[in-house]
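Chemist: what's the 3D shape of this:
(chains A and B)
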There are 2 protein chains.
Amino acid sequence: MMSNEKRGEAIDLSHHLSKVGQARQTSPLKSLHKYMGKPGLISLAGGLPNAGYFPFASVSGEILAPDSFPLETGSKDSSLSWFWKLFSRSEKERTSTFTVGKYPKHPGDLNLESGLQYGLATGQPKLNEIIREFVGKVFQPAYSNWTTLVHTGNTDAWSKTVQTILNPGEGLLVSEWTYPSAMASAQPFGVIPVPIGMDSEGMSSISLQKTLAEWDESVRGFPRPRVMYTVPIGQNPTGTTMGIQRKKEIYDICVEYDIIIVEDDPYYFLQQGEYVPKADRVTDAANGDDEVFIASLAPSYLKVDYQGRVIRLDTFSKTVCPGSRLGWFTCNPMFAERLERTAETSSQAPSGFTQLYVASLLLKWQYDGYIRWLKALRLQYKQRRDYFLDCFGEEFHLQKAFSTEGYTAGAHLYHASLKPKRSFVPLSEKDTAYSKPLFSYIAPTSGMFVWLELHLEEHPSFTSLGYKALEMKLWTEIAEAGVLFAPGAMFFATKVEDDTPGPGHFRVSFSNSSPEEMKKAVSTFGTVLRKFMHTRI
Amino acid sequence: MMSNEKRGEAIDLSHHLSKVGQARQTSPLKSLHKYMGKPGLISLAGGLPNAGYFPFASVSGEILAPDSFPLETGSKDSSLSWFWKLFSRSEKERTSTFTVGKYPKHPGDLNLESGLQYGLATGQPKLNEIIREFVGKVFQPAYSNWTTLVHTGNTDAWSKTVQTILNPGEGLLVSEWTYPSAMASAQPFGVIPVPIGMDSEGMSSISLQKTLAEWDESVRGFPRPRVMYTVPIGQNPTGTTMGIQRKKEIYDICVEYDIIIVEDDPYYFLQQGEYVPKADRVTDAANGDDEVFIASLAPSYLKVDYQGRVIRLDTFSKTVCPGSRLGWFTCNPMFAERLERTAETSSQAPSGFTQLYVASLLLKWQYDGYIRWLKALRLQYKQRRDYFLDCFGEEFHLQKAFSTEGYTAGAHLYHASLKPKRSFVPLSEKDTAYSKPLFSYIAPTSGMFVWLELHLEEHPSFTSLGYKALEMKLWTEIAEAGVLFAPGAMFFATKVEDDTPGPGHFRVSFSNSSPEEMKKAVSTFGTVLRKFMHTRI
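Modeler: All right, here's what the predicted structure looks like:
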C-alpha cells in the first residue's frame, strides 16, 4: 500500500505500552503549563536558580562552512587530496563564529538565561522547528500527525523505548547479527532477543514471516514478539543497506502481526552505494539539487509507515559529533507523550550547552547548508570505504563470487587469500601459490564498517580449538601487533558459547583512521594472518 | 560510631542489587580497554567519526570571576545593592575567557577531538580529578575506597539508582512530604513509597525506627524496605536542614536494618542558617578560610558512612547551571561499577559540550575559586530567603510560636493573619481586627522554598468542599492574579485523594525572582486571600 496517498492519522497502538510505559504519571506540572509564558507572570513554582548566578557571561563557537568538503570524489591532483586537507590541521578552514549572550538582544534570540536554565524535556523551540522541518522534507512520514521529540542520543533513546514498550519476559525481533549495545540495553529488563535471518539487504522478510507464522508459545516459552529492533541502513555489523521494497515487505508483515518497528538509523546519511574496485572507478559527484539527493537515498521506514507503528531514532552523533549526545524520536503522538514523561523523570532535557551549539550551527547553516554538509559527508565516507577496501585488494588476493546464501545472499562476496611471499630465496611450490581463502566479506554500502568472516579450517589447531577460540586468538595477535578490530562474537544476537556453530568474524571500521593507518592496519592483518596460519597453539 | 577513626573499606552490599542491576552485562569492550591508549595503536574497533568531520573548529566561553558576589550580606548603601547589581545586566561583570581548540596544543589540553568524540561513561579525566578532590575535601567520606562517577543530573542519577537497586513490588523509605519528581521516577517501576514522619530536621529517626521495628509484611503486603530516598538539606518541600546528630541516628538505624541511603543533595551549598527578622538582623560575613566554611555546613551522610551504604547524588544544577545536566555519584565501587554499566547502555557519557564547559570553568577557578563562589552563593540565597520572608512580615500579621508536633516540631512557626484593611470609609469592628491565622510556615534554613500550610477552616465553603479542593481553588485564584505557586498536594509521598485528611499547602520559591517580583507576589497573595476568604464557591 502506498502510504503517501492516504496520509491519515496514526492508528491506536496504546496496547503496545509496557506496564512501566503505562504507569508513567502525567506531569504534575501540567496545571502550571496553562499559565507559563503569560506576560507579567511571576512564577514561584519551580526551583529555578536565577540566571545571574550562571557563571557564564557568553558562549561562542567557530563553525565550519557547510561546503567545507567537496561535492565530488577524487581530483586531478590526487585521489587522496581530501585526506591531506583533512589531516593537515591547517589554518585553511573556512569558519564563521557565533556568540550566545546571557540575555536575548532581540525577542527569540538564543540566550543563556533560558538555554542554561531548566527546560521542558521537549527541548528548545528553535531546535524543534529545525528538526521538524528536516524530518518532513527528508523522511516524509506517511501519516499526518507524526511528531518529534529530542533525546540524548540513540542509545538512551532505545533504552527509553525499551522501558516504554517492552515488559520482562517478552521477545524482541532482531537481525541475527546486530548491535550489541542495543541488546545490552534490553536484556537486563528480561527482554529475549529473537534472531531473524538476514541477506545482503539486512533482515529477511521471508525469515520474519516464517518466524511469526510458525510461532508456538508452548515451544518458545514466551508470546509472539510484538516489537522489532532494526538498523536498516549501514546494518551493524554487516554494513548493508535495506531498500524501499524490502521495507515495504517487512512493514506489511508488521501490520499483519501488529508489530512496532524501532528504526535505529545513525548511519542514514552514510549511504555509499556499490563498491567499484579502483581500476574501474569513476568520479562520483553530488551535483543534483536537494530533492535529487534525498531521493537517491534509501528511504526511512517512516515513508511507508501509514499507521504510525514506527519509532525512528535519529542522532547528531555521526553528522555533527558524538559528544553532542543529542538526537530525536520521530513517532506517533501517543508514544511521544509517553517518551516525554520518561525523559522528565530521567534525563530531562538534553544538555543546554549541546542544544545551544547544535541549534546555533543549524540556524547558521539553515536547512540548505545542512543538506550541503550531508551530501559531502556521504562522499567522504564513500571515499574512506573505497580506500579501505582498495587496501584489502592490494594486501590480499581477492576472488569475487556471487553469494546466494546466508547474510551475504544477493551480494558479491570477496574471498581473500594470502599472496605468495616475495622472497630472494628460492620459493617452494607451496609458497608461490595463493593460500586458500582465509576470510571473505561483502563490500559495505552504508555505515562505517567492513564485516569479515573468517575461514580458519586450515589452521593447525582448528580441530582442537574450534572457531570461537581461534577468533579470539587471532584477534589478540592482531591487537598485540598494534591494530584493534572488534571481535565478531559480540555481535551475535544471542549469547555465543564456545561450542556455538559458525565461523569467526571481525568488524573493522574505516570511519576514523588516516589513509596511512588504514593501509598499515590491513598490511599488519596480512602479516599476522600469515604467521598465525602456520602456528600451532 | 565515629567513622573517620576507622576508614576501613566498604562492606559487601551486593545483595542490594536489583535483578536489573545484577543483569547489566559487563562491558563487551572490556577486552579492548587493555590495548586502548597504547602509543601507535590503530583502532578500527569502534564506530568513531573522524574529528575532522566535527563542524566546530573551536568553542569559547566568558566566565565570571569567582569573587563576583560579595562575602557579606547587606551594605551601607542599600540592603538590596546586590540585587541591583545582579539585575542591572550591566557590562560591569568581571569575566575571563577560555577557548578549546579542535586539537590539543599541549599534552593534556582539553580539546574538541576527544571532548566531542564518543567517550567512556566515566567522563573526561580532568573533570573527574576535580570532582574527586572536591568530594574528598568537602564531604570527607568515612571509608577509604569511595569513588565518584559523573551523571547527567540528579533526576537521571536517581532513575538509574532505582533501576540498579530496586525491584518491582519493593518499598522505598521516604519523608512523608517529598520531591514528587523522585517519586514519579520510581513508581512506574512498581516501587511503593513508605512515608516516614518528619520534624523540623526532616526525617524523624524515631518514626523510622518505629516503622522498621514494627514492620509486618503480612499487613503491609510487601517486605521491609531496604532502600531510603532522602533530601536532607533544603528538604523538599519543607526547606529544613538535617544536622550531623540526626544523620548519625538515622545511619545507625540503617546499619541495624541493612538499608541503603540515597542522599539527593542538590541544595547542599544553599544552607542559609536561621532566619532573623529584619529588625534584629546583623550582617553575615563569610570571612573564614575554606576549612571554616566547610565545617560550618551540615555534613553529608558520607561523613558518617563507614560501611559504604550511602549513594550520594550531587549536581551542578544549582551551583553552575541546570542546563549543564551534569552531576556525580559518590558511592562504593560496587555500586559505581553497576551504575557505570547502566550509563553505558543509556545516557552514555554526559554531553561533551557540558563537560568541556564545566571542566574549563573549574580549571580556571581551581578548587579555591569554586569554594569562593560557593561561599558567596550561599549568602545570595540567604539574602533572598530573608527578603522574601520580610515581605511576608510586611504583608501579613505574624505570630511566632514554638512548634512541638508534626513536620514543624522543634522550630518556630509563623502564623500569618490578614491585617486590618486600610480604608477611608469607617471600619466595622471586624475589619479592624486581624483575621484568624490563614496559613503558617517555618522559616526555611536551606534550599529555595518556603512551605506554607493553609488554615482555611473559616472559609464559607470549607465544610462542603474540604481542604484539597480549597487548596486548588485558591491556587487557581492566585495563578489568575499572575502569581504561580506550586500546589502542595503533589509533594505528599503517597497519592492524595479528595478525602485525604490534612490541611492544604503551597510550595513557594525565592530562588529566581527579583525583589520587586517577590514583594508583588506576596502582596498579590494577600489580596487574593482576603477576597477568597469571603467568597462562597
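Chemist: C-alpha only now, for contacts and for neighbours.
Modeler: Will do.
Chemist: Look up how far chain B lies from A:Thr178.
Modeler: Distance of A:Thr178 to chain B, given as Cα to the nearest Cα, to the nearest Å: 14 Å.
Chemist: try A:Glu62
Modeler: In terms of Cα to the nearest Cα, A:Glu62 sits 5 Å off from chain B.
Chemist: what's the neighbour count on the residue nearest to A:Ile11 when sequence neighbours are not counted?
Modeler: Nearest non-adjacent residue to A:Ile11, counting by Cα to Cα, 6 or more residues apart in numbering or on different chains: A:Gln307, 5.4 Å away. When neighbours are counted by other Cα atoms under 10 Å in any protein chain shown, A:Gln307 registers 20.
Chemist: A:Gln307: what's it in contact with?
Modeler: Counting by Cα atoms under 8 Å, 6 or more residues apart in numbering or on different chains, A:Gln307 makes contact with A:Gly8, A:Glu9, A:Ala10, A:Ile11, A:Tyr143.
Chemist: How about the secondary structure of it?
Modeler: coil (DSSP: H, G, I helix; E, B strand; the rest coil).
Chemist: Next to chain B, which bits of the stretch 251-400 of chain A? Give me the list.
Modeler: Contact residues, the stretch 251-400 of chain A versus chain B (Cα under 8 Å from any Cα of the partner chain): A:318-325, A:345-348, A:350-354, A:377.
Chemist: Which ones among the residues you listed lie within strands?
Modeler: Judged by DSSP state E, strands contain none of these.
Chemist: The contacts of A:Gln307 into JSON lines, with extra columns for pLDDT and secondary structure?
Modeler: Formatted as JSON lines, the contacts of A:Gln307 follow (pLDDT from 0 to 100; DSSP: H, G, I helix; E, B strand; the rest coil):
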{"residue": "A:Gly8", "pLDDT": "96", "secondary structure": "coil"}
{"residue": "A:Glu9", "pLDDT": "97", "secondary structure": "coil"}
{"residue": "A:Ala10", "pLDDT": "97", "secondary structure": "coil"}
{"residue": "A:Ile11", "pLDDT": "97", "secondary structure": "coil"}
{"residue": "A:Tyr143", "pLDDT": "98", "secondary structure": "coil"}
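Chemist: right, and the pair among these with maximum separation?
Modeler: Greatest spacing in the contacts of A:Gln307, by Cα to Cα: A:Ile11 and A:Tyr143 (9.6 Å).
Chemist: who's more crowded, these two?
Modeler: Per other Cα under 10 Å, whichever of A:Ile11 and A:Tyr143 has more neighbours is A:Tyr143, with 23 against 13.
Chemist: Not counting residues beside it along the chain, what's closest to the more buried one?
Modeler: Closest residue in space to A:Tyr143, ignoring its immediate chain neighbours: A:Arg7 at 4.3 Å, by Cα to Cα, 6+ apart.
Chemist: residues contacting the one you found?
Modeler: So A:Arg7 contacts A:Ala142, A:Tyr143, A:Ser144, A:Tyr306 (Cα under 8 Å, 6+ apart).
Chemist: now those residues: which count as buried?
Modeler: Among those, those buried by neighbour count (16 or more other Cα atoms under 10 Å in any protein chain shown) are A:Ala142, A:Tyr143, A:Ser144, A:Tyr306.
Chemist: quick one on the thing from earlier: out of the contacts of A:Arg7, name the two that are farthest from one another.
Modeler: For the contacts of A:Arg7, the farthest-apart pair by Cα to Cα is A:Ser144 and A:Tyr306; their separation is 8.6 Å.
Chemist: Thanks a lot, see you next time.
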